[in-house]
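Asker: what would the 3D arrangement of this be:
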Amino acid sequence: MRSVYLSLAIVILLSVIPIQAGETGDTAQSPQAKLYVVGTAHLDTQWRWTVKTSIDEYIPDTFRRNISLMKQYPDYVFSFEGAFRYMLMDEYFHDEFEQVRPFIESGQWRVTGSWVDAVDVNVPSFESLVRHTLYGNGYFKREFGRTSRDIFLPDCFGFGYALPSIAAHCGLSSISTQKLTWGGWAGVPFDIGMWQGVDGSRIAAAFNPGSYGTTFESDLSHDSAWTAVAQRQGDSSGLYAAYAYFGTGDTGGAPDSASVDWLAKSMAGDGPLEVKSVGADDLVDLVATTDTDRLPLFDGELVMTRHGVGCYTSQAAMKRWNRKNELLADAAERASVVAQRFGALTYPRDMLRDTWIRFMWHQFHDDLTGTSIPEAYEYSWGDELLCQNRFAAMLDHAVETTVPALDTRAKGVPLVVYNPLAIEREDVVEATVGFDKGAPQYVHVFGPDGNQVPSDVTALTADSLRVRFLARMPSVGYAVYDMRPAKEACNLPTDLRVTPRSLENRRYIVNVSDDGDVASIYDKIAGRELLSGPIELQF
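Answerer: Numbering: from 1, shown residues only. Prediction:
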């Protein structure tokens, strides 16, 4: 259990949409209530330990102990999330990894969660979360012929409004977590119901399954607390059922054998509850037995107010490098598609997938967020930087192989500019250009239309120069600029004015005091001063 706290200075609009309760009746007239029990072993890939400890101890222990329990209890169903953990088990303990296959084929061991790892869902981009399903379930499908139908996040630091929409877009149908009992801003909206995303997509949700460290010490078919939960759920929605976790947490492993033994006895019990050992994503089948319009519906964001607080401003390097990799990956893929269309290269599918996975597993909810120990980030930083180098190399190679297909005829040196964004873009471009016979002191740069663009030389050596120029580029496309030697620096008319104490462009005039403070920012279009007082330097 963890107790890392932060405060969120954000106002979030959410609402619980009231659903008209169904007619209540006494227990004797109600259908037999069901208790769906999900056995799990929550594992933090990195937290108060590094991934090396997970590889050496926690992952193999999880596989060994649960395989042993499955041999002893044929009706025991175990759910384990994170395709990356399976990859590690296969790489480091291949023979033991192979032993899990028959249990996955029989449905006793459930690949669940659909994702590469149990990641944070607030910092990663939407594209990253989609990729988690693509590569997580993709791995499960290739390796085992199975996929998961759910987002399984027993531990996470809040859940964004877009998550149901992302899940539905990826073909996932449910989510479960026990985290909202740790201090969700909206509390726990319901036990079992539907969660609606920002675009109106809905997925089944179980938001109060109890702790993943729950143990059993009696016959659950006679458990009055879970019977009451199932009865309350049924009276309000027509679904007489409850959904519960049990097992162990943080370091993986397995539920204790006594709990599994009581589960087996409970499944054969004669109490008012029908007890089932199920996979996490069997919530989909449970909800399908009722009219989902009668289930409680939550429409909004589920953020935390007490737990995990502070993590979103810690380990800034991880957050910066994660975003750099997301952007580089996208740019490399787009450039590779263009290069393939020109027949310049074979699309590097495997390398892209492997590199995505290498940095995406670090989006794990204790890693990217910044709640892991310092030693863990030695592994994280190494992977983040390695992936940046890989993506950059793939990007460079794709652009380089595409250039021969372009019209690069120029009077001077052709400069090819690539824009990976899905919008037309005007931006400042920098390029270092080498010369065999000595670099010119000045150059002018001309655009594809033949017109000169603003430029300047920022560095000069005997055989190279660094030039900066303003380029306009098409969406996801290339533009060829022409750099020509010149007798004088570029002197195109501009509305930029610079003095030792002021900066001025077409919109603003900024004045700086003798002390270095920003004394004034005047908006020429609005015709007014924007500062009520100087912006002072603080030492």
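Asker: all helices for this structure, in order.
Answerer: Counting by DSSP state H, the chain has helices at residues 51-53, 59-72, 83-92, 94-98, 101-106, 126-144, 163-169, 224-237, 257-267, 283-288, 316-341, 349-360, 374-402.
Asker: I'd like to know which of these is closest to Thr181.
Answerer: For Thr181, the closest of the helices of the chain is helix 224-237, at 13.4 Å, according to C-beta to C-beta. Yep, even glycine has a C-beta here, placed from its N, CA and C like the rest.
Asker: and that closest one, what does it pack against?
Answerer: strand 33-41, strand 192-196, strand 241-248, strand 273-277 (3 or more C-beta pairs under 8 Å, 6 or more residues apart in numbering; DSSP states H and E).
Asker: on that earlier part again, most tightly packed of the helices of the chain?
Answerer: helix 163-169 (a mean of 22; mean count of other C-beta atoms under 10 Å).
Asker: that older thread, of all the helices of the chain, which one comes closest to Pro31?
Answerer: Shortest distance between Pro31 and the helices of the chain, using C-beta to C-beta, is found for helix 224-237: 7.3 Å.
Asker: was I right to think His365 contacts Gly158?
Answerer: No - under the criterion of C-beta atoms under 8 Å, His365 makes no contact with Gly158, lying 9.8 Å away.
Asker: which neighbours do those two have in common?
Answerer: Gly308 (C-beta atoms under 8 Å, 6 or more residues apart in numbering).
Asker: now the end-to-end length of stretch 207-224.
Answerer: 20 Å (C-alpha to C-alpha, to the nearest Å).
Asker: now it: buried residues?
Answerer: Buried residues in stretch 207-224, counted by 16 or more other C-beta atoms under 10 Å: 207-214, 216, 219-221, 223.
Asker: what's the model's confidence in stretch 258-275, averaged?
Answerer: Stretch 258-275 shows a mean pLDDT of 97.
Asker: for that stretch, the distance to its chain's centre please.
Answerer: From the chain centre to the centre of stretch 258-275 is a distance of 38 Å (C-alpha atoms, centre = their mean, to the nearest Å).
Asker: quick one: residues in contact with it.
Answerer: For stretch 258-275, contacts defined as C-beta under 8 Å, 6+ apart pick out 27, 32-35, 37, 39, 69, 72-73, 75-76, 214-223, 226-227, 230, 242, 246-247, 276-277.
Asker: just the CA trace of it, in CSV.
Answerer: Extracted in CSV, the C-alpha atoms of stretch 258-275 (Å, rounded to 0.1, in the frame of the first residue of the first chain):
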residue,chain,number,x,y,z
ALA,A,258,-6.1,-21.1,2.1
SER,A,259,-8.0,-18.4,0.2
VAL,A,260,-8.1,-20.5,-3.0
ASP,A,261,-9.2,-23.5,-1.0
TRP,A,262,-12.1,-21.5,0.5
LEU,A,263,-13.0,-20.2,-3.0
ALA,A,264,-13.2,-23.8,-4.2
LYS,A,265,-15.5,-24.7,-1.2
SER,A,266,-17.6,-21.5,-1.8
MET,A,267,-18.2,-22.5,-5.5
ALA,A,268,-19.7,-25.7,-4.2
GLY,A,269,-21.5,-23.9,-1.3
ASP,A,270,-25.2,-24.0,-0.7
GLY,A,271,-25.6,-20.3,0.4
PRO,A,272,-27.7,-17.6,-1.2
LEU,A,273,-24.8,-16.5,-3.4
GLU,A,274,-23.6,-18.4,-6.5
VAL,A,275,-19.9,-18.0,-6.4
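Asker: state the distance from the residue nearest in space to the middle of the chain to His362.
Answerer: In the chain, the residue lying closest to the centroid (C-alpha atoms, centre = their mean) is Pro124, at 3.5 Å. Distance, Pro124 to His362, using C-beta to C-beta, to the nearest Å: 10 Å.
Asker: what do the two both touch?
Answerer: Joint contacts of Pro124 and His362 (C-beta under 8 Å, 6+ apart) are 322, 368.
Asker: same list (the helices of the chain) but as CSV, adding distance to Gly516.
Answerer: As requested, the helices of the chain are arranged in CSV below (distance: least, C-beta to C-beta, whole Å):
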stretch, distance to Gly516
helix 51-53, 46
helix 59-72, 55
helix 83-92, 50
helix 94-98, 62
helix 101-106, 65
helix 126-144, 41
helix 163-169, 46
helix 224-237, 64
helix 257-267, 67
helix 283-288, 60
helix 316-341, 26
helix 349-360, 40
helix 374-402, 35
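Asker: and of the ones you listed, who's closest to Gln538?
Answerer: Closest approach to Gln538 among the helices of the chain is made by helix 316-341 (20.4 Å; C-beta to C-beta).
Asker: so what's the gap between the closest one and the chain middle?
Answerer: 14 Å.
Asker: show me what it is packed up against.
Answerer: Helix 316-341 packs on helix 126-144, helix 349-360, helix 374-402, going by 3+ C-beta pairs under 8 Å, 6+ apart.
Asker: can you add mean pLDDT and distance to Thr289 and give those back as TSV?
Answerer: Converted to TSV, the helices and strands packed on helix 316-341 look like this (pLDDT from 0 to 100; distance: least, C-beta to C-beta, whole Å):
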stretch	mean pLDDT	distance to Thr289
helix 126-144	98	24
helix 349-360	98	35
helix 374-402	97	43
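Asker: distance to Thr313 for the ones you listed - can I get that in TSV?
Answerer: Formatted as TSV, the helices and strands packed on helix 316-341 follow (distance: least, C-beta to C-beta, whole Å):
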stretch	distance to Thr313
helix 126-144	20
helix 349-360	21
helix 374-402	16
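Asker: quick one, which of the ones you listed gets closest to Cys490.
Answerer: helix 374-402 (25.8 Å).
Asker: helices or strands next to the closest one in the packing?
Answerer: So helix 374-402, by 3+ C-beta pairs under 8 Å, 6+ apart, packs with helix 51-53, helix 316-341, helix 349-360.
Asker: tell me the angle that helix makes with helix 349-360.
Answerer: Interaxial angle of helix 374-402 relative to helix 349-360 (axes from the mean of the first three to the mean of the last three C-alpha atoms, to 10 degrees): 150 degrees.
Asker: relative to Glu430, which of the helices and strands packed on helix 224-237 is closest?
Answerer: strand 192-196 (46.3 Å).
Asker: tell me what the closest one is packed against?
Answerer: By 3+ C-beta pairs under 8 Å, 6+ apart, strand 192-196 packs against helix 163-169, strand 202-206, helix 224-237, strand 241-248, helix 283-288, strand 297-299.
Asker: only alpha carbons, please: show that strand as PDB.
Answerer: Backbone C-alpha positions of strand 192-196 (Å, rounded to 0.1, in the frame of the first residue of the first chain) are rendered in PDB as follows:
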ATOM      1  CA  ILE A 192     -21.200  -2.200 -11.300                       C
ATOM      2  CA  GLY A 193     -22.400   0.100 -14.000                       C
ATOM      3  CA  MET A 194     -21.500   1.900 -17.200                       C
ATOM      4  CA  TRP A 195     -18.900   4.600 -17.600                       C
ATOM      5  CA  GLN A 196     -19.500   7.000 -20.400                       C
END
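Asker: partners of it, with directions?
Answerer: The strands that strand 192-196 pairs with in its sheet are strand 202-206 (antiparallel), strand 297-299 (parallel) (by DSSP bridges).
Asker: just to revisit the earlier point, quick one, which of the helices of the chain is nearest to Arg507?
Answerer: helix 316-341 (28.1 Å).
Asker: hang on, the earlier thing: nearest to Arg409, of the helices and strands packed on strand 192-196?
Answerer: Closest approach to Arg409 among the helices and strands packed on strand 192-196 is made by helix 163-169 (44.4 Å; C-beta to C-beta).
Asker: helices and strands around the closest one, which ones?
Answerer: Short answer (3+ C-beta pairs under 8 Å, 6+ apart): helix 163-169 packs on helix 126-144, strand 174-176, strand 192-196, strand 202-206.
Asker: contacts for that helix, please.
Answerer: Under C-beta under 8 Å, 6+ apart, the answer for helix 163-169 is 121, 126, 129-130, 151, 173, 175, 195-199, 201-203.
Asker: among the residues you listed, who's most crowded?
Answerer: If you count neighbours using other C-beta atoms under 10 Å, the busiest of those is Ile151, which has 32 neighbours.
Asker: out of the helices and strands packed on helix 316-341, which is closest to Lys524?
Answerer: Lys524 lies closest to helix 126-144 among the helices and strands packed on helix 316-341, at 38.3 Å (C-beta to C-beta).
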